[in-house]
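*Asks:* my questions concern the predicted model and sequence given below.
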Amino acid sequence: MTAVPDFRLYHSNALDVLASLLAHALREPAPGQPLLAADTVLIPQVAMRRWLQSTLAAEYGIAANLEFLTPGEFVARALNANVSGEADDLGASGLHWRLYAALTDPALMARPPMAALRAYLDRDDPLRPWALAGELGGVFEKYQAWRRDWLLDWEQGGEPNDPQAILWRAIAGGHQYRARRIDDYLGRFEGDGKPLPQGLPGRLFAFATLNVSPDVLRVIATQARVGVGM
């Protein structure tokens, strides 16, 4: 039997009500999906996994063969299955170290647009560059989820006098990073007439997932081209 795209939306401010609805939906066999295939459930955070599994088990006495993923984990899986380069060089730790190297690079910091940052760092505190690198790393991580267009533009030379853009060009050149991989993925698989992405589940459930960035939502939406979503 061929799977027919099917989107259902249930809304409530009570998690137990949503969990009961999810339990009933999970009990329905997925068209065209093997009986022993695991169902994938997106959850807003890892901490919810145990609660949701026990709540689902309370409905029918058992909750098995379920895979719980955060939206970020789902996107990482989609990227790893379809975009070359399995690891992002500019994850949290990579950003921290590379930003520290950039902030302690005399030639880079001597550029006129970096004067304010240079004045902030030019004090007798050797830990200040490391602390600032950590804060900036957190900002750039958010940009990878919410401001992909900024990062791609900066890498190509956009905003030549913006300190953030200068730092990004210094650390991103020649490295693989999540925003670029998402851009590659969407360019290849988003929209009718494009090839079907590999490695995505035939059926997908999203439980109480909030604050999902537009790019992450677009990657998740490509699952509808290979199966059904609820």
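*Replies:* Now that the structure is in, tell me what you want to look at. Values in this document were obtained by computation on a predicted structure and should not be read as measured data.

*Asks:* alpha carbons only for contacts and neighbour counts from here, please
*Replies:* Will do.

*Asks:* could you give me the buried positions within stretch 198-218?
*Replies:* For stretch 198-218, the neighbour count (16 or more other CA atoms under 10 Å) marks 200-208, 215-216 as buried.

*Asks:* got the end-to-end distance for it?
*Replies:* 16 Å (CA to CA, to the nearest Å).

*Asks:* any residues touching that stretch, and which ones?
*Replies:* 15, 18-19, 22, 30, 33, 39-44, 71-72, 75, 77-78, 81-82, 145-146, 182, 186, 190, 223, 226-230 (CA atoms under 8 Å, 6 or more residues apart in numbering).

*Asks:* quick check: which element contains residue 212?
*Replies:* Here residue 212 is covered by no helix or strand, with elements defined by DSSP states H and E.

*Asks:* sorry, back to before: which of the buried residues of stretch 198-218 lies closest to residue 113?
*Replies:* In terms of CA to CA, no member of the buried residues of stretch 198-218 lies closer to residue 113 than residue 215, at 30.5 Å.

*Asks:* ok now the one helix or strand that closest one maps to, how far from the chain's centre?
*Replies:* If you go by DSSP H and E, residue 215 is part of helix 214-221. Averaging C-alpha positions (CA atoms, centre = their mean, to the nearest Å) puts helix 214-221 9 Å from its chain's average.

*Asks:* hmm, back to that, mind checking which of the contacts of stretch 198-218 are buried?
*Replies:* 19, 22, 30, 33, 39-44, 71-72, 75, 77-78, 82, 145-146, 182, 186, 190, 223, 226-230.

*Asks:* so which of these are in helices?
*Replies:* 19, 22, 71-72, 75, 77-78, 82, 145-146, 182, 186 (DSSP state H).

*Asks:* tell me which residue is most central in the protein.
*Replies:* residue 72 (3.6 Å; CA atoms, centre = their mean).

*Asks:* so where is this protein shaky, pLDDT-wise?
*Replies:* 1-5, 85-87, 228-230 (pLDDT under 70).

*Asks:* helices along that one, start to end?
*Replies:* Using DSSP H, helices in the chain cover 15-27, 48-60, 71-82, 92-103, 106-109, 115-121, 128-146, 148-155, 163-172, 178-189, 214-221.

*Asks:* looking at the ones you listed, which is nearest to residue 7?
*Replies:* Closest among the helices of the chain, using CA to CA: helix 214-221, at 10.4 Å.

*Asks:* in stretch 94-112, what counts as buried?
*Replies:* Buried-residue list, stretch 94-112, by 16+ other CA under 10 Å: 95-104, 108-109.

*Asks:* ok, stretch 166-182 next?
*Replies:* For stretch 166-182, using 16+ other CA under 10 Å, the buried residues are 166-172, 176-182.

*Asks:* cool, stretch 6-21 as well?
*Replies:* For stretch 6-21, by 16+ other CA under 10 Å, it's 19-20.

*Asks:* what of stretch 63-72?
*Replies:* Quick answer for stretch 63-72 (16+ other CA under 10 Å): 63, 68-72.

*Asks:* where's the residue nearest to the centre of the chain relative to residue 213, distance?
*Replies:* Taking CA to CA, one finds residue 72 at 10 Å from residue 213.

*Asks:* now swap in residue 54 and tell me
*Replies:* The value you get for residue 54 to residue 213, if CA to CA is used, is 28 Å.

*Asks:* now residue 177
*Replies:* Applying CA to CA, the value for residue 177 to residue 213 is 17 Å.

*Asks:* possible to save the ones in helices among the buried ones among the contacts of stretch 198-218 as JSON lines with distance to residue 195?
*Replies:* Shown next, in JSON lines, are those (distance: CA to CA, whole Å):
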{"residue": "19", "distance to residue 195": "34"}
{"residue": "22", "distance to residue 195": "30"}
{"residue": "71", "distance to residue 195": "22"}
{"residue": "72", "distance to residue 195": "23"}
{"residue": "75", "distance to residue 195": "17"}
{"residue": "77", "distance to residue 195": "17"}
{"residue": "78", "distance to residue 195": "14"}
{"residue": "82", "distance to residue 195": "11"}
{"residue": "145", "distance to residue 195": "24"}
{"residue": "146", "distance to residue 195": "25"}
{"residue": "182", "distance to residue 195": "16"}
{"residue": "186", "distance to residue 195": "11"}
